[in-house]
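>>> structural data only, the sequence is not supplied:
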């Protein structure tokens, strides 16, 4: 490992990012600059081009645009609204009712879509105005929605768990998906607890409890949407579909529902397909250039050196996991989750495995950890989307976000030190 | 956007719509042939992977043209007028140089290399060079869009000095 190379890589990346060069290009340019220090120009450029192309050459990755497409169809096709009505019938009567409704709706939407950005915009655009009508402060509603939306990446299906499976070199997607359920529910419950206490303290109104008949009616209306969960996850867990096939089936299912509800027509399809392609491509360019950066790090033997340094520091599993968690929290603040997973999985996963941590469990720790960074500035995709749909500002949502960050960090610690929470379901279904 | 960039943007948009539509139908066809016809199609897996490369790279240039790529805009948001314009040029220059060096030059090398080695895909028997051709293609599109962005920002700067509404497109 040459220190010069590492310094060039780190400094050029940070400078490019700071002056406002898009993240994917910052990663790509700093990688190429580092390559040029030890490889001739021609081969270096060809290698980078090849990393990008072969990095995207994956059937599994195709699940990502499909889950994004299904999510778009669900939010425009009235599926999100039906899930919210059901969540509302169940929880609006509790103290802090609408905050709980937002969180449960996000979890339900998460359970059929693979993205937290889709969850934040679909649920936030409907719940935001309603919470405000009931006297909730706009920034509080936005903060709850932003943090709750991260369950979109923990509760399966999840695009980022697919990326982790790729970066880890083949941890089973089925096992990862099953492992995400209970940690995702834990995050949801922690957020509900904190949001509930805050809502009571701020004396937000409580709705009358909904009758059973009404709950039943809302449940029936949401049932076709909830059945999607059975089709997608049932198909993957039983081994009938691969994740990509399940995602394509989810697209078909969401399309049929949205057309049946008469919320969209065939005329809307080109626009939906185009916005899906653009959203996908933004993620895919990050994937391609991050794979390049991960390659140059391996070429410089960075993973081995970090591993030696960490293990040299302590061999205590609890401490090492704590150190990794602290580093990842810092990484998550400055980096988007996709490059962070692709670049840091090859560095930290071998250490964790060496200390006896299950790779599936480690994937959940890593994703849950980096989800917190999605809600923090300066790089927080979910924060940006959540603030955007609520039409508020980042400065205003930071204060109500602080206690919710703490709830997420506590959930992260529980998930880190209770492996059973992640591993029980995969073992139960024999997915490991 | 200028008139030329708008035309390219719209053509590229329709190509992406078509590729994404084909990708969905292709994987549904894979499921259909396996379950209903019990005769799994041989080409769908490969076609899906190649479509993803094309969607990823062409889509990335489309997103670059629309300034949709994720970036930290703390510094650009603080500047106005001429300094804001120079920073904008610097950012577009970075994108331009990356597209030129890696996607166009590196991409052409890769295409030439796979074509001379005669590598073809297993199921569709397509030369891999054709698949990788999307690298220089999207590189050229990105370069085109970044020149367009600079021209537009300059026009906005001259139009109303200090009025940066137009140039200050959010990234």
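Yep, it's here. A quick note: this is a predicted structure, and the numbers were derived from the prediction, not measured. Numbering: from 1, shown residues only, chains lettered A, B, ... in the order given.
>>> can we go C-alpha only for contacts and neighbour counts from here?
OK.
>>> so residue A:332 makes contact with residue A:370?
Yes - assessed by C-alpha atoms under 8 Å, residue A:332 is found in contact with residue A:370 at 5.0 Å.
>>> so what's in contact with those two at the same time?
residue A:340 (C-alpha atoms under 8 Å, 6 or more residues apart in numbering or on different chains).
>>> element containing residue A:415?
Using DSSP states H and E, the element containing residue A:415 is helix A:394-417.
>>> can you tell me what sits against that helix?
A:139-140, A:142-144, A:147, A:183, A:186-187, A:190-191, A:194-195, A:318, A:321, A:365, A:368-369, A:372, A:377, A:383-384, A:387, A:421-422.
>>> can you list the buried residues in it?
Across helix A:394-417, burial judged by 16 or more other C-alpha atoms under 10 Å in any protein chain shown covers A:394, A:397-398, A:400-401, A:403-405, A:407-409, A:411-412, A:414-416.
>>> so which of those residues comes closest to chain B?
residue A:394 (12.1 Å; C-alpha to the nearest C-alpha).
>>> so how far is residue A:192 from that closest one?
Distance, residue A:394 to residue A:192, by C-alpha to C-alpha, to the nearest Å: 22 Å.
>>> what do you get for residue A:80?
For residue A:80, the distance to residue A:192 - C-alpha to C-alpha - is 20 Å.
>>> before we move on, what about residue B:100?
50 Å.
>>> the two: which is more packed in?
residue A:192 (24 against 18; other C-alpha atoms under 10 Å in any protein chain shown).
>>> and residue 26, how many neighbours?
No chain in the question, so chain A it is. 26.
>>> hm, I was asking about chain B
Residue B:26 - counted by other C-alpha under 10 Å - has 20 other residues nearby.
>>> hang on, it packs against residue B:48?
Yes - counting by C-alpha under 8 Å, residue B:26 touches residue B:48, with 6.9 Å between them.
>>> could you pick out the longest helix of the chain?
If you meant another chain, say so; for now it's chain A. In chain A, assigned by DSSP state H, the helix with the most residues is helix A:269-299.
>>> wrong chain, I was asking about chain B
With secondary structure taken from DSSP H, chain B has its longest helix at helix B:3-35.
>>> list the buried ones in the helix or strand of chain B with the lowest mean pLDDT?
Lowest mean confidence among the helices and strands of chain B (mean pLDDT, DSSP states H and E): helix B:74-78, at a mean of 87. Using 16+ other C-alpha under 10 Å as the test for burial, helix B:74-78 gives residue B:76.
>>> what about the residue nearest the centre of chain A, which SS state?
Centroid-nearest residue in chain A: residue A:153, 3.0 Å away (criterion: C-alpha atoms, centre = their mean). Following DSSP: H, G, I helix; E, B strand; the rest coil, the label given to residue A:153 is helix.
>>> sketch out the low-pLDDT regions of the chain for me.
I'll assume chain A. Chain A contains residues with pLDDT under 70 at A:1.
>>> switch to chain B, please.
Across chain B (using pLDDT under 70), the flagged ranges come out as B:160-171.
>>> helix or strand for the residue lying farthest from the centre of it, which one?
Farthest-out residue of chain B from its mean C-alpha position, per C-alpha atoms, centre = their mean: residue B:38, at 37.4 Å. Under the criterion DSSP H and E, no helix or strand holds residue B:38.
>>> how far away is it from chain A?
Residue B:38 sits 13 Å away from chain A, going by C-alpha to the nearest C-alpha, to the nearest Å.
>>> check residue B:96 too.
10 Å.
>>> leaving out chain neighbours, which residue sits closest to that residue?
residue B:143 (4.9 Å; C-alpha to C-alpha, 6 or more residues apart in numbering or on different chains).
>>> what about the one you found, which SS state?
The three-state assignment at residue B:143 reads helix, by three-state DSSP.
>>> that one is in contact with residue B:101, isn't it?
No - judged on C-alpha under 8 Å, residue B:143 makes no contact with residue B:101 at a distance of 10.7 Å.
>>> burial of residue A:263, as a residue count?
Residue A:263, neighbours per other C-alpha under 10 Å, totals 16.
>>> and for residue B:9?
Neighbours around residue B:9, by other C-alpha under 10 Å: 20.
>>> once you drop chain neighbours, what's closest to it?
Nearest non-adjacent residue to residue B:9, counting by C-alpha to C-alpha, 6+ apart: residue B:62, 6.6 Å away.
>>> what's the answer for residue A:270, then?
Nearest non-adjacent residue to residue A:270, counting by C-alpha to C-alpha, 6+ apart: residue B:17, 5.9 Å away.
>>> check whether the one you found really touches residue A:278, as I assumed.
No - between residue B:17 and residue A:278 there is no contact under C-alpha under 8 Å: 9.9 Å.
>>> out of the two, which sits in the more crowded spot?
The neighbour count for residue B:17 versus residue A:278, taken as other C-alpha under 10 Å, is higher for residue A:278 (27 against 23).
>>> all helices of chain B, in order?
So, for chain B - with DSSP H - the helices run B:3-35, B:44-65, B:74-78, B:81-98, B:107-116, B:128-132, B:134-159.
>>> any chance of these in CSV, with distance to residue A:158 too?
Formatted as CSV, the helices of chain B follow (distance: least, C-alpha to C-alpha, whole Å):
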stretch, distance to residue A:158
helix B:3-35, 18
helix B:44-65, 18
helix B:74-78, 30
helix B:81-98, 30
helix B:107-116, 32
helix B:128-132, 28
helix B:134-159, 28
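>>> what's the most buried one of those?
helix B:44-65 (a mean of 25; mean count of other C-alpha atoms under 10 Å in any protein chain shown).
>>> count residues in the vicinity of residue A:61, would you?
23.
>>> from residue B:22, how far off is the residue nearest the centre of chain B?
The residue lying closest to the centre of chain B (C-alpha atoms, centre = their mean) is residue B:61, at 2.2 Å. Using C-alpha to C-alpha, we find residue B:61 at a distance of 20 Å from residue B:22.
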